[in-house]
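>>> Have a look; sequence and predicted model below, questions after that.
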Amino acid sequence: MADIENKKVFTNTKKSHQLRQFVWALQVIVTVEILIVGIAIYMMMTKNWLFYLVLALMLALYLYVSNLNRLMLGSAHVLTPDELIICLGPRFKCRLPLSLVMEAKAVSLASAPQGDLLNVSVFREDERLYCLSRNSDVIQLNLSEPIMVKAPSSGPDKSRRGFVREILINADEPERFLETITKIVRPEKELDQIKSSHNTLKSVQDKTRQIISTSPANLKSNKTPILEIKHLTKYYGDYPAVLDLNLEVYPGEIFGFLGANGAGKSTTTKMMTGLLRPSKGTILVRGEDLWQPGALVRRQIGYIPDTPLVYERLTARELLIMAGRLYNLPEEWTKKRMEELLAILDLKAKSDYMVNTYSLGMQRKVSVALALLSDPEIIIVDELTNAFDAPTLAKIKDILLNLKSRGKTVFLSTHVMDVAEKLCDRVGIIHRGQLRALGTVEELCESLAVSGGLEPLFLKLIGEETTG
Ligand SMILES: Nc1ncnc2c1ncn2[C@@H]1O[C@H](COP(=O)(O)OP(=O)(O)OP(=O)(O)O)[C@@H](O)[C@H]1O
């Protein structure tokens with residue numbers, strides 16, 4: 001009962017005159033046609049069972065059209081304390097958990113996207129869902145994570161489902177809608193207050209403990225960074241998983257991103273690969289913002305996730321061919337590269353078996369092949385060591401060193417110090433979401449007066465932080 005009382009309804013078609021005219025015209029046409037046909041049938045047909053059947057069918061058609069019109073004109077979004085049920089017309093409905101809504105704001109559109117017969121536009125474009133009946137009173141909802149919706153895409157991707165991070169909807173009373181939703185979804189301002197109080201509490205401690213190497217030689221000041229992370233922040237609710245992260249990575253280097261369990265490594269790599277929207281901050285790849293809609297620089301990134309994200313009902317070969325098509329790579333080139341990668345990764349023997357028959361390590365090798373297929377400029381690896389046995393790990397290390405020798409950049413997240421020490425030119429150490437140290441292992445050891453390499457350095461830094 002309380003739930004029902006807490007529901008707020010926001011109509012979304014009342015101000016759309018064009019739509020209302022269309023719907024009323026449809027209602028009038030159907031009523032007149034049914035009357036004419038009904039009278040004709042009444043006069044011409046004998047009153048047997050067929051007559052009553054036709055009459056019933058006509059009545060059913062009339063009720064169907066009336067109901068369609070009622071749903072169209074009464075179309076409304078429903079806001080509860082936990083979710084927003086987005087409805088448009090009789091056909092589109094989507095439940096959006098409010099925990100995912102990062103921001104709701106009024107936006108103006110130059111023109112309404114082209115709608116269907118009922119003047120309704122529901123489609124996906126560049127990870128944005130348009131759910132509109134007009135171009136006025138438009139509200140944009142920005143999500144912290146992508147959600148899957150069932151709506152056609154305007155692009156070459158013909159699938160009926162896809163991920164979106166921004167949703168555009170109409171509300172007949174946009175001010176009331178925004179006021180209500182921002183009361184439920186914590187407003188940015190309030191979040192900022194929490195963030196700044198969190199920062200203040202730790203700031204003195206943090207500043208004294210952040211060890212950033214600034215020696216020009218080691219920052220490679222003669223090179224332009226390929227990757228720039230500026231004030232990158234991610235909140236899960238009120239919890240800062242990554243807080244004000246700043247770093248630069250240079251072409252041709254293997255950069256180690258180190259941290260204990262839960263330090264914020266995966267959250268950072270997901271933001272760097274376009275999988276998780278930052279709460280704040282920017283990620284620039286060759287100076288271009290990765291989070292700009294349709295950013296082409298995303299194509300320059302290959303991502304090896306910590307757990308394989310592969311479609312298991314295809315063979316490795318089918319997956320790689322499909323990925324090549326998605327990247328618009330020439331088929332011959334894809335096939336050649338695929339054979340090379342399958343051979344290097346020892347996957348040839350099983351490459352025509354479905355991926356769901358592979359071991360976890362083999363599935364992860366498929367992830368590696370997929371990430372390297374388009375020969376990207378930057379390779380982001382989340383927890384290199386996961387699921388790989390020693391010989392495979394040695395092989396993957398060789399692959400990464402080979403990429404480096406070809407001028408590619410590797411961003412390697414790991415909590416295994418040995419791997420980082422052997423492979424990385426520079427390392428960044430993240431703890432509780434904040435960067436604590438940045439530089440070469442030698443520089444950092446010197447700054448902290450630690451001997452014995454990365455492991456004692458890491459333990460000293462994290463140990464001090466934990467007890468501090
Ligand atoms: N979807 C989520 N919702 C809420 N909190 C989350 C979510 N994902 C991660 N976290 C929290 O954010 C923090 C950072 O997590 P993250 O996965 O980035 O750590 P990590 O450094 O990759 O750890 P590990 O090495 O164990 O994989 C953790 O405290 C985790 O509990």
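Alright, I've got the coordinates. Residues are numbered from 1 along each chain as shown.

>>> so what's Y236 scoring on pLDDT?
Y236 is assigned 88 on the pLDDT scale.

>>> Show me which residues of this structure are close to the ligand?
Contacts of the chain with the ligand, taken as C-beta under 6 Å from any ligand atom, map to 236, 239, 241, 259, 261-267, 415. (C-beta placed from N, C-alpha, C; glycine too.)

>>> As TSV, the residues you listed with secondary structure and neighbour count would be great.
Shown next, in TSV, are those (DSSP: H, G, I helix; E, B strand; the rest coil; neighbours: other C-beta atoms under 10 Å):
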residue	secondary structure	neighbour count
Y236	strand	14
Y239	strand	10
A241	strand	21
G259	coil	24
N261	coil	6
G262	coil	12
A263	coil	23
G264	coil	25
K265	helix	24
S266	helix	20
T267	helix	22
H415	coil	17
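
>>> could you dump those to CSV with distance to L141?
CSV is the format used below for the residues of the chain next to the ligand (distance: C-beta to C-beta, whole Å):
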residue, distance to L141
Y236, 18
Y239, 22
A241, 22
G259, 32
N261, 33
G262, 29
A263, 30
G264, 26
K265, 29
S266, 25
T267, 22
H415, 36
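
>>> By pLDDT, give me the weakest of these.
Across the set of those, H415 stands lowest in pLDDT, at 84.

>>> Might one say that it is in contact with N261?
Yes: in this structure, H415 is within contact of N261 by C-beta atoms under 8 Å, at 6.6 Å.

>>> give me the number of residues near the closest residue to M354 other than its chain neighbours?
Among residues not flanking M354 along the chain, T315 sits closest, at 5.7 Å (C-beta to C-beta, 6 or more residues apart in numbering). Using other C-beta atoms under 10 Å, T315 is surrounded by 17 other residues.

>>> Which helix or strand contains V54?
Assignment of secondary structure by DSSP states H and E places V54 within helix 49-73.

>>> for R95, what are its contacts?
Residues in contact with R95 (C-beta atoms under 8 Å, 6 or more residues apart in numbering) are 83-86.

>>> so where do the helices sit in the stretch 301-450 of the chain?
Using DSSP state H, counting those that start in this stretch, the helices of the stretch 301-450 of the chain run over 316-326, 331-344, 360-372, 390-405, 417-423, 441-447.

>>> So which elements touch the first one?
Helices and strands touching helix 316-326, by 3 or more C-beta pairs under 8 Å, 6 or more residues apart in numbering; DSSP states H and E, are helix 331-344, helix 360-372.

>>> Tell me where the model's unsure across the stretch 351-468 of the chain.
464-468 (pLDDT under 70).

>>> Name the residue of it that lies nearest to the ligand.
H415 (5.2 Å; C-beta to the nearest ligand atom).

>>> Over to that residue: give its phi and psi.
The phi/psi pair for H415 (degrees, to the nearest 10) reads phi -110, psi 10.

>>> residues contacting it?
Neighbouring residues of H415 by C-beta under 8 Å, 6+ apart: 258-261, 263, 265, 383.

>>> residues contacting the residue lying closest to G361 once chain neighbours are set aside?
Excluding its sequence neighbours, the residue lying closest to G361 (C-beta to C-beta, 6+ apart) is A387, at 4.6 Å. Under the criterion of C-beta under 8 Å, 6+ apart, the neighbours of A387 are 307-308, 360-361, 363-364.

>>> Just say which of the helices and strands packed on helix 316-326 is most tucked in.
Of all these, helix 360-372 carries the top mean neighbour count, a mean of 21, counting by mean count of other C-beta atoms under 10 Å.

>>> so where's the longest helix in this structure?
If you go by DSSP state H, the chain has its longest helix at helix 17-44.

>>> Number of residues surrounding the nearest residue to V427 once chain neighbours are set aside?
Nearest residue to V427, sequence neighbours excluded (C-beta to C-beta, 6+ apart): G256, at 3.9 Å. Each residue near G256 was counted by other C-beta under 10 Å, and the total is 26.

>>> Which pLDDT does the model give G256?
pLDDT for G256: 95.

>>> which SS state does it fall under?
Classification of G256 by DSSP: H, G, I helix; E, B strand; the rest coil places it in strand.

>>> ok, what's across the strand from it?
L412, V427 (DSSP bridges).

>>> Hmm, V416 and it touching each other?
No: using C-beta under 8 Å, G256 is not in contact with V416; the gap is 9.9 Å.

>>> so what's the single nearest residue of the stretch 1-150 of the chain relative to the ligand up against?
For the stretch 1-150 of the chain, the residue closest to the ligand is E145, as judged by C-beta to the nearest ligand atom, at 7.4 Å. By C-beta under 8 Å, 6+ apart, the contact list for E145 reads 100, 165, 276-277.

>>> can you do 6 Å?
Counting by C-beta atoms under 6 Å, 6 or more residues apart in numbering, E145 touches 100, 276.

>>> which of the residues in whatever helix or strand it lives in are buried?
Element membership for E145, per DSSP H and E: strand 138-150. For strand 138-150, the neighbour count (16 or more other C-beta atoms under 10 Å) marks 138-139, 141, 143-144, 146-147, 149 as buried.

>>> Pull the distance from it to the chain's centre.
10 Å (C-alpha atoms, centre = their mean, to the nearest Å).

>>> Just checking: what are the partner strands of that strand?
strand 101-107 (antiparallel), strand 161-170 (antiparallel).

>>> Can you redo those strands as a markdown table, where the extra columns are mean pLDDT and mean neighbour count?
What follows is the strands paired with strand 138-150, written out as a markdown table (pLDDT from 0 to 100; neighbours: other C-beta atoms under 10 Å):
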| stretch | mean pLDDT | mean neighbour count |
| --- | --- | --- |
| strand 101-107 | 85 | 16 |
| strand 161-170 | 86 | 20 |
